[in-house]
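Enquirer: everything below, folded, please.
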Amino acid sequence: MAAMLMSSRDRLARLHYGPNGFRALSPGDHVICAVSGERIPLDRLRYWSVTRQEAYASAELSTRRALGQA
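Expert: Okay, here's the model as predicted:
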């Protein structure tokens, strides 16, 4: 029986967000924005909160969340 490789394509990743980057806790190719619900490919992920351990689709959404407006 041939071994099947697990693909992280089209799979939600679980990440740990640090001050200078993130590390995968479970493999995947995207995360979900905590404010908009938008899918964010990992290669485009630029904004997150270390304290809240949340990802954001844009600087504007990140700022709104930080100010309590989202």
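
Enquirer: tell me which residues in whichever strand or helix holds V31 are buried?
Expert: Using DSSP states H and E, V31 sits in strand 30-32. Buried residues in strand 30-32, defined by neighbour count with 16 or more other CB atoms under 10 Å: H30, V31. C-beta here means a position set from N, CA and C on the backbone, and glycine is covered the same way.

Enquirer: what's the next secondary structure element after it?
Expert: Under the assignment DSSP H and E, the closest C-terminal helix or strand after strand 30-32 is strand 39-41.

Enquirer: what's the helix or strand following that following strand packed up against?
Expert: Using DSSP H and E, the helix or strand that follows strand 39-41 in sequence is strand 47-49. Where contact means 3 or more CB pairs under 8 Å, 6 or more residues apart in numbering; DSSP states H and E, strand 47-49 is packed against strand 14-18, strand 54-56, helix 59-66.

Enquirer: which ones are touching the closest residue to P19 other than its chain neighbours?
Expert: Spatial nearest neighbour of P19, chain neighbours left out: V50 (5.6 Å); criterion: CB to CB, 6 or more residues apart in numbering. Contacts here follow CB atoms under 8 Å, 6 or more residues apart in numbering; on that basis V50 touches Y17, G18, P19.
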